[in-house]
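Asker: sequence plus the predicted model coming up.
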Amino acid sequence: MEMPVVNECQVESCAYNRNGACHALAITVGDVHHAHCDTFLSGPSKGGDPSVTGRVGACKMSDCQHNVQFECQAPGIVVGYSHDDAECLTYAPA
């Protein structure tokens, strides 16, 4: 299985975001109640590998239509703001 790509990250304050692209090797999405990006990290320094595009390593949103055994099956996701939190905007309740 290939991990889904983070097609876009609208959370400019994240340390892994450069020019709207995620550069974390893999992110984790969600908890029991919210599809937030658990990998979000705010700070003055940039991190991640600028030569790679981030992927979804795990998703804890078991009620998402793209989730199969805590693995995201969407072809790609978008991370952005929802209620001032960095969230997976591709999340869709099953």
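Answerer: Looks like it came in fine.
Asker: all contacts plus neighbour counts: C-alpha atoms, from now on.
Answerer: OK.
Asker: which residues does residue 79 form beta bridges with?
Answerer: residue 9, residue 88 (DSSP bridges).
Asker: tell me the contacts of it?
Answerer: Applying CA atoms under 8 Å, 6 or more residues apart in numbering to residue 79 gives the contacts 6, 8, 9, 10, 11, 37, 86, 87, 88, 89, 90.
Asker: redo those as CSV? Include neighbour count, distance to residue 76 and pLDDT.
Answerer: Formatted as CSV, the contacts of residue 79 follow (neighbours: other CA atoms under 10 Å; distance: CA to CA, whole Å; pLDDT from 0 to 100):
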residue, neighbour count, distance to residue 76, pLDDT
6, 22, 6, 98
8, 18, 9, 98
9, 25, 11, 98
10, 18, 14, 98
11, 23, 16, 97
37, 21, 14, 98
86, 24, 16, 97
87, 24, 14, 97
88, 24, 10, 98
89, 16, 11, 98
90, 16, 8, 98
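Asker: centre of the chain versus stretch 15-28, how much separation?
Answerer: 8 Å (CA atoms, centre = their mean, to the nearest Å).
Asker: and stretch 54-72, C-alpha only, in PDB?
Answerer: Output of stretch 54-72 as PDB, limited to C-alpha atoms (Å, rounded to 0.1, in the frame of the first residue of the first chain):
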ATOM      1  CA  GLY A  54       4.300  14.600   3.000                       C
ATOM      2  CA  ARG A  55       2.200  11.500   3.200                       C
ATOM      3  CA  VAL A  56      -0.500  10.200   5.600                       C
ATOM      4  CA  GLY A  57       1.100   7.600   7.800                       C
ATOM      5  CA  ALA A  58      -1.900   6.900  10.000                       C
ATOM      6  CA  CYS A  59      -5.400   8.100  10.500                       C
ATOM      7  CA  LYS A  60      -7.200   7.600  13.800                       C
ATOM      8  CA  MET A  61     -10.600   8.800  12.400                       C
ATOM      9  CA  SER A  62     -12.300   5.400  12.200                       C
ATOM     10  CA  ASP A  63     -15.600   7.000  11.100                       C
ATOM     11  CA  CYS A  64     -14.100   8.500   8.000                       C
ATOM     12  CA  GLN A  65     -15.200   7.000   4.700                       C
ATOM     13  CA  HIS A  66     -11.500   6.900   3.500                       C
ATOM     14  CA  ASN A  67     -10.400   5.000   6.600                       C
ATOM     15  CA  VAL A  68      -9.800   1.200   6.500                       C
ATOM     16  CA  GLN A  69      -8.200  -0.200   9.600                       C
ATOM     17  CA  PHE A  70      -6.800   3.200  10.500                       C
ATOM     18  CA  GLU A  71      -5.100   3.600   7.100                       C
ATOM     19  CA  CYS A  72      -6.200   6.400   4.800                       C
END
